[in-house]
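**Student:** Whatever this is, show me its structure:
(one chain, ligands or ions: 2)
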Amino acid sequence: MQDNPLMLIPNPVSCKVDEGRLSIKRDWFLMANEPLLPEQVTLLQDMLGRALPRDYAAKYQAMPNGHAANLLIQMDPEICDGKAEASILTVKSDQIQIAATDQAGLFYAMQSLVQLIGIAGPSGEIPCCTVTDYPRYAWRGFMLDSARHFQSVQWIKRHIDRMAAIKLNRLHWHLCDDEGWRAQVKAYPRLTEVAAWRTENGQRYGGYYTQQQMRDIVQYAKLRHITVIPEIEMPGHCNSALVAYSEFSCSGQPIEIGDEGWDAYKQVTGRLPYCAAKPAVFTFLKTVLSEMAQIFDHHLHIGGDETPGEKWDNCPLCSALKTKLGIKTNVALRTHFLNQMHEHCTKTLGRQSIVWTDGVDEQTPQDQIVHAWHAHEAATAARLGHQVINSNHEWVYLDYPPRDADKHTKPDWMLVLPLEKVYHFDPTPEGLEPEHQKNILGSESPIWTEHVPDEKALEKQVFPRLIAFAEALWSPRWGRSFDEFKQRLERFENTTQNIHKTRAQPVGVTV
Ligand code: ACM
Ligand code: ZN
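**Tutor:** Numbers count the residues shown, from 1 in each chain. Ligands and ions are numbered 1, 2, ... in the order given. Have a look, this model is predicted:
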């Protein structure tokens with residue numbers, strides 16, 4: 001069992017408890033060996049301010065000014081062999097020091113400190129200690145499906161705070177699917193006028209995020225060292241877009257919508273793909289991705305999973321295209337489709353693209369990140385030289401029920417995914433050769449929301465398993481003990497609840 005007397009989550013690389021204690025019942029003065037950006041200072045002050053007992057504040061001074069700092073921040077790229085996101089947090093009886101290799105390392109050390117303050121509780125004392133920490137994986141993500149059911153901007157920001165508290169750093173945002181389109185696209189207004197809405201329980205249900213709201217979320221997340229990655233699904237999972245713009249389907253016929261419910265958009269037609277041969281489809285999707293690239297400053301996820309390619313068989317244009325390209329299968333046509341969009345992402349927009357894999361092969365561009373969800377594809381993709389996000393559904397799909405007793409509330413095909421199994425997840429597939437292991441970037445834990453109707457249900461589904469996932473991604477593998485984790489989890493849940501309860505809104509950009 002790894003020794004973690006401080007009860008931190010996720011478990012740090014190492015922690016050592018020293019003699020003595022530091023009292024937290026006083027105003028805190030922060031100083032740094034190099035100037036911090038004003039918005040970082042505000043955030044750090046706020047994090048500490050909310051964690052400290054009432055009546056005590058945290059203040060930052062850019063220059064030492066003769067005053068001894070309670071919290072001394074030292075940016076030092078040399079510590080921990082210069083690893084990214086690394087820090088050493090030292091608590092002495094009269095001062096706390098944080099040395100960090102980069103801003104993310106500083107932020108995570110602050111998160112650990114906030115936990116230590118929360119754990120101290122009414123005693124108002126933190127044991128003197130040294131905590132050395134850095135993550136095992138660089139890509140530690142959560143995927144939110146806002147298409148099947150919609151979440152408010154306010155809830156997403158709150159969730160970003162929770163993700164940051166457990167040191168997750170990627171929010172993959174599933175913004176469109178058969179059942180709804182959520183991203184405002186200025187060039188195609190019917191996406192938000194039509195595709196964002198349906199009838200549910202006799203009411204108009206839906207919503208969308210304006211470009212300003214999406215920008216705001218990106219900024220809010222960025223300050224908390226979380227990168228937001230939009231997903232625009234193609235060539236399948238697009239019925240809502242086809243209801244709004246039926247000219248993008250193979251038949252071009254208007255599409256009927258079912259009476260109501262989350263799958264109303266596919267009740268009548270089944271699932272349809274975009275036509276793979278109409279130039280207007282590519283103009284549309286390129287425009288959508290270009291608008292997204294102006295809002296989101298990192299990767300672009302272009303979907304690619306579960307394409308109903310058999311629907312292309314009846315389309316003269318798609319059939320003619322296959323003949324022209326010498327392509328025999330719909331799988332190859334899907335790859336051809338996705339590769340054009342990949343080229344737009346890389347060559348025109350200068351962004352790496354990510355694709356769900358339903359069978360990676362030699363046609364998949366080498367510089368495309370492969371997002372694996374079937375059990376064996378992470379290893380296959382890594383061996384083919386791709387960078388891989390391993391979201392093996394058997395281990396990390398949070399829409400699956402956590403207990404046998406909950407199984408009857410979910411569709412039959414869902415597996416049971418207990419907390420303990422998530423805790424033991426390893427993104428690096430067993431047996432993957434050492435030379436290919438470096439291709440595993442990490443993982444994302446998705447929540448698909450067909451059966452998750454609102455934010456309350458979402459939280460129940462996501463927690464506490466996302467906390468176990470965060471530890472699986474961050475912490476060293478050796479010495480893992482689920483029993484020991486459960487003790488820390490209990491403490492964490494009690495204390496973070498307190499931290500979230502105190503004081504008003506978290507600072508940052510607000511809508
Ligand atoms: C997926 O679960 N269809 C990526
Ligand atoms: Zn077609």
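
**Student:** My guess is residue 249 contacts residue 272. True?
**Tutor:** Yes: here residue 249 reaches residue 272: they are 5.4 Å apart, a contact under CB atoms under 8 Å. Any C-beta I mention is one placed from the backbone N, CA and C, and that applies to glycine too.

**Student:** what residues do those two have in common as contacts?
**Tutor:** Common neighbours of residue 249 and residue 272, using CB atoms under 8 Å, 6 or more residues apart in numbering, are 242, 255.

**Student:** In terms of helices and strands, where is the residue nearest to residue 359 when sequence neighbours are not counted?
**Tutor:** Spatially, and ignoring its direct neighbours in sequence, residue 359 is nearest to residue 331 (6.6 Å; CB to CB, 6 or more residues apart in numbering). Here residue 331, judged by DSSP states H and E, is contained in helix 330-343.

**Student:** contact partners of that helix?
**Tutor:** By CB under 8 Å, 6+ apart, helix 330-343 touches 234-235, 274, 276, 282, 285-286, 289, 302, 304, 307, 309-310, 312-313, 318, 321-322, 325, 327, 353, 355, 358-359, 361, 363-365, 368.

**Student:** Repeat that for stretch 308-328.
**Tutor:** Contact with stretch 308-328 is made by 235-236, 250-251, 270-273, 275-278, 329-334, 336, as judged by CB under 8 Å, 6+ apart.

**Student:** Give me the buried subset of the residues you listed.
**Tutor:** By neighbour count, with 16 or more other CB atoms under 10 Å, the contacts of stretch 308-328 hold 235-236, 250, 271-273, 275-278, 330, 332-334, 336 as buried.

**Student:** pLDDT weak spots in the stretch 301-450 of the chain?
**Tutor:** For the stretch 301-450 of the chain, not a single residue meets the criterion pLDDT under 70.

**Student:** by contact count, what packs against the worst-scoring helix or strand of the chain on mean pLDDT?
**Tutor:** Lowest on mean pLDDT, DSSP states H and E among the helices and strands of the chain sits helix 482-501, with a mean of 81. Packed against helix 482-501 by the contact rule (3 or more CB pairs under 8 Å, 6 or more residues apart in numbering; DSSP states H and E) you find helix 103-120, helix 153-165, helix 419-423, helix 465-474.

**Student:** Alpha carbons of the third one, as CSV, please.
**Tutor:** Output in CSV follows, covering the C-alpha atoms of helix 419-423 (Å, rounded to 0.1, in the frame of the first residue of the first chain):
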residue,chain,number,x,y,z
LEU,A,419,-16.1,2.0,-8.6
GLU,A,420,-13.4,-0.6,-7.9
LYS,A,421,-13.0,-1.5,-11.6
VAL,A,422,-12.6,2.2,-12.6
TYR,A,423,-10.1,2.6,-9.8
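
**Student:** What residues sit buried inside it?
**Tutor:** Result for helix 419-423 [16+ other CB under 10 Å]: buried residues 419, 421-423.

**Student:** Which stretches in the stretch 1-150 of the chain count as helices?
**Tutor:** Along the stretch 1-150 of the chain, the stretches classed as helices by DSSP state H, counting those that start in this stretch are 38-51, 103-120.

**Student:** Quick check: which of the ones you listed has the most neighbours on average?
**Tutor:** helix 103-120 (a mean of 22; mean count of other CB atoms under 10 Å).
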